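Undergrad: Predicted model and sequence follow; I will ask about them next.
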There are 2 protein chains.
Amino acid sequence: MTDSRAARPRRVTMKDVAAAAGVDASLVSRLLSGDESLSVRPETEQRVMDAVQRLGYRRNPAARALKTARTMALGLIIPDLRNVIYTEIAVGAEQRAAAAGYVLLITGGSAQLRQEILEDRVDGILYGVATADTVPTLNAPGSPPAMLINRRGPAEGSSVVVDDQAGVAMGTRYLISIGHRWIAHIAGPQNVDTARRRRRGYINAMAEAGLEIPDGYIAESSFNEVGGATAAAGLLQLTPRPTALVAANAVAAVGAMAAVRSQGLSVPEDISVVALHDIPQAAYLNPPLTTVRMPLAELGSRSVDMILTMINGGQVGHVVVATPPELIVRGSAAPPPR
Amino acid sequence: MTDSRAARPRRVTMKDVAAAAGVDASLVSRLLSGDESLSVRPETEQRVMDAVQRLGYRRNPAARALKTARTMALGLIIPDLRNVIYTEIAVGAEQRAAAAGYVLLITGGSAQLRQEILEDRVDGILYGVATADTVPTLNAPGSPPAMLINRRGPAEGSSVVVDDQAGVAMGTRYLISIGHRWIAHIAGPQNVDTARRRRRGYINAMAEAGLEIPDGYIAESSFNEVGGATAAAGLLQLTPRPTALVAANAVAAVGAMAAVRSQGLSVPEDISVVALHDIPQAAYLNPPLTTVRMPLAELGSRSVDMILTMINGGQVGHVVVATPPELIVRGSAAPPPR
DNA sequence: CTGTTAGCGCTTTCAA
DNA sequence: TTGAAAGCGCTAACAG
């Protein structure tokens, strides 16, 4: 194997800058770090800054990390890069991280797989993945601080979620308010707590209106199109047949609407659909999907604030983002037939 | 400001392992790197490995990066984390990177913004962003190797793309084959070369069938729902009114179909629609969207192969992923009315 | 078969 | 107001 490694120019180091400016490297370091308690002659500072400019110098993060034991990076692990919900969260997190001078490293896949890869490259980890069976080990000794995002975990840990229960309850109440009585729920996978909290929102809203939830009216499904389609297909066979569906997830709702159509029924004339999460395409679907918008970007930015607090030794615990859900009425729900 | 930094346990170092195993650190290092040219007494190796296990030791990437001048990380910059097309690419890239022992750091946003942040943390950069006006500076001295992905750049650089031209041509030919003559094109933003190549595919397919492209039949649009809706709305006002639309992007097509409906027309009875990129929801739309599937994951994995070659001093140039596009016939296209 | 040594590029006391 | 020196955790060349 011929190693044809090209001769890349050696990176300019702090020493080079120091030499060019006729000062010691330590001075360059302190200048670049904006050390307040430092008094430098303006002209010296000028010379150093000029040299930095001229040589195009950038500090080496690896060397800094080694010395300071801080990488200035944060890790975000999400179950699936293709999931719009998570990328929405990621966008919020990324902005906040950047504002704090941190890089956000986003990876998809299982916690197991990513944990070890990320663990030693970041100062803190945000886990967007966790099921009842596989909660990542938070805060193992020797590992950076970690917390759950959009998932609630064991009491000792920390987490941040949106008010899923309120969101689904809001959607359910809306259907009730326009006259529906037989409302079924397309629930998410019940081994993730987010889905369980949404289910509770549905159950509560139904109970508070004194409405019955017949057997089978809660159909578990994965958070994607196929899952929603399968769940809806089953629900439509039930007696009494539901006149409305609250979906725990908008992507699943897209599948559900397709299933309704394939049974020769139509949305919203025969079956009304309301879904959690206001995804970008909701307004362009046929019919446009009525949704409950959740503060996802805020969930992301909040999680960064929290992990930063943890990194600095603070306590954060379990938080629910306070911003209330918002109902976005479009065309997929109407009063029930007859 | 009270610094309440908690006392996190000091990380286990290689020295600790060496001490625990009664050997020198350098031996631990060579063992952990799987140095072939090393002969160690099996029992010594065993002792070291046991110590590693017992202490839960992991090597410090910052220290390794400083020493070896390799971070074992790759950067991927994509325009928008929410764009399904790009996350599909990212998934392919991530898998290949992991297989090669590299971490893929994904960030969204502008090249300008991300470049400097990533530059010194990775061994190579994959740019998924570039317009005619803002080509990132590839391979600046002192920066890691970089190339474009899903974008073609200046001759001196390197890039990998899929065969966009063939893809759109395939969709256009399909519409022609079922009888359409008046086919309009929802083109992407013409300052990105991907969009220009797709436009060329449309033009060529029309020309090769001897079909006329009336003025205004090519509408530029951004690669999202609003863009598609706006473009389609304009196209439908033209005389002769097109009977079919080829969209350079499936997300834009979702918007286009909505625009068709809002003019009181229907898909595919009045207007047929075919789009590039087989997005997950295509099959669940109303009507299900006929698309041309492009090898996006392969585009991602291929880009990783290429940047790895560059990192090792090799040349790669400009490549087009060979896997041909595939037509996925669903319900959004039918023979023209009358 | 295993140990010694030097040093990657930076930050941080401490001294001048 | 600035410089000197030590060392973060690791790897690689060289000795033994």
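TA: Cool, got the structure.
Undergrad: so where do the helices sit in the stretch 1-150 of chain A?
TA: Ranges of helices in the stretch 1-150 of chain A, per DSSP state H, counting those that start in this stretch, are A:14-21, A:25-32, A:42-55, A:61-68, A:84-99, A:111-119.
Undergrad: Enumerate every residue touching the residue most central in space within chain A.
TA: Taking Cα atoms, centre = their mean as the criterion, A:Ile89 is the residue nearest the geometric centre of chain A, at 3.4 Å. Counting by Cβ atoms under 8 Å, 6 or more residues apart in numbering or on different chains, A:Ile89 makes contact with A:Ile78, A:Gly128, A:Ile149, A:Asn150, A:Leu296, A:Ala297, A:Leu299, A:Gly300, A:Ser303. To be clear about C-beta, it is placed using only N, CA and C from the backbone, and glycine gets the same treatment.
Undergrad: quick one: the fifth one and B:Gln115, what's the gap?
TA: Right, A:Leu296. 27 Å (Cβ to Cβ, to the nearest Å).
Undergrad: circling back: among the helices of the stretch 1-150 of chain A, which comes closest to B:Arg181?
TA: Closest to B:Arg181 of the helices of the stretch 1-150 of chain A is helix A:84-99 (Cβ to Cβ; 37.5 Å).
Undergrad: Quick check: residues of chain A near DNA strand D?
TA: A:22-27, A:38-41, A:44-45, A:63, A:66-67, A:69 (Cβ under 7 Å from any atom of the strand).
Undergrad: Provide a ChimeraX selection command restricted to the buried entries of those.
TA: This is the ChimeraX syntax for the buried subset of those, where burial follows 16 or more other Cβ atoms under 10 Å in any protein chain shown:
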select /A:23,27,45,63,66
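Undergrad: now the helix or strand harbouring A:Ala275: mean pLDDT?
TA: Following DSSP states H and E, one finds A:Ala275 within strand A:272-276. The pLDDT scores in strand A:272-276 average 98.
Undergrad: what's that strand packed up against?
TA: helix A:164-177, strand A:244-247, helix A:250-262, strand A:290-293 (3 or more Cβ pairs under 8 Å, 6 or more residues apart in numbering or on different chains; DSSP states H and E).
Undergrad: check contacts around the residue in the stretch 1-150 of chain A that DNA strand D sits nearest to.
TA: Distances between the stretch 1-150 of chain A and DNA strand D by Cβ to the nearest atom of the strand are smallest at A:Ser39, namely 2.6 Å. Taking Cβ under 8 Å, 6+ apart as the criterion, A:Ser39 is in contact with no other residue.
Undergrad: try A:Pro145
TA: A:Pro145 touches A:Asp123, A:Gly124, A:Ile125, A:Asn139, A:Ile307, A:Met310, A:Ile311, counting by Cβ under 8 Å, 6+ apart.
Undergrad: OK, contacts around A:Asp164?
TA: By Cβ under 8 Å, 6+ apart, the neighbours of A:Asp164 are A:Thr194, A:Arg197, A:Arg198, A:Gly201, A:Leu276, A:Met294.
Undergrad: let's see 10 Å
TA: Contact analysis of A:Asp164 by Cβ atoms under 10 Å, 6 or more residues apart in numbering or on different chains lists A:150, A:152, A:188, A:193-201, A:248, A:276-277, A:292, A:294, A:320, A:325.
Undergrad: same check, this time on A:Val329
TA: A:Tyr174, A:Ile178, A:Val274, A:Pro288, A:Thr290, A:Thr291.
Undergrad: List phi and psi for it.
TA: A:Val329 adopts backbone torsions of phi -80, psi 120, taken as degrees, to the nearest 10.
Undergrad: Per the annotation, how does chain A divide into domains?
TA: A:4-58, A:63-160+A:296-320, A:164-294 (automatic domain parsing).
Undergrad: just the contacts of A:Ile89 now: which is nearest B:Gly216?
TA: When those are ranked by distance to B:Gly216 (Cβ to Cβ), A:Ala297 comes first, at 37.9 Å.
Undergrad: quick one: is the host helix or strand of that closest one near DNA strand C?
TA: Assigned by DSSP H and E, A:Ala297 falls within helix A:296-311. No - Helix A:296-311 lies out of reach of DNA strand C by Cβ under 7 Å from any atom of the strand, never closer than 14.9 Å.
Undergrad: That helix relative to helix A:84-99, how many degrees between them?
TA: Interaxial angle, helix A:296-311 versus helix A:84-99 (axes from the mean of the first three to the mean of the last three Cα atoms, to 10 degrees): 50 degrees.
Undergrad: Return the alpha-carbon coordinates of helix A:296-311 using PDB.
TA: Extracted in PDB, the C-alpha atoms of helix A:296-311 (Å, rounded to 0.1, in the frame of the first residue of the first chain):
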ATOM      1  CA  LEU A 296     -40.100  21.900  20.200                       C
ATOM      2  CA  ALA A 297     -37.400  24.400  19.400                       C
ATOM      3  CA  GLU A 298     -37.800  25.700  22.900                       C
ATOM      4  CA  LEU A 299     -37.500  22.200  24.200                       C
ATOM      5  CA  GLY A 300     -34.100  22.100  22.400                       C
ATOM      6  CA  SER A 301     -32.800  25.400  23.700                       C
ATOM      7  CA  ARG A 302     -34.000  24.600  27.200                       C
ATOM      8  CA  SER A 303     -32.200  21.300  27.200                       C
ATOM      9  CA  VAL A 304     -28.900  23.100  26.300                       C
ATOM     10  CA  ASP A 305     -29.400  25.600  29.200                       C
ATOM     11  CA  MET A 306     -29.900  22.700  31.500                       C
ATOM     12  CA  ILE A 307     -27.000  20.600  30.500                       C
ATOM     13  CA  LEU A 308     -24.800  23.700  30.700                       C
ATOM     14  CA  THR A 309     -26.000  24.200  34.300                       C
ATOM     15  CA  MET A 310     -25.100  20.600  35.000                       C
ATOM     16  CA  ILE A 311     -21.700  21.000  33.500                       C
END
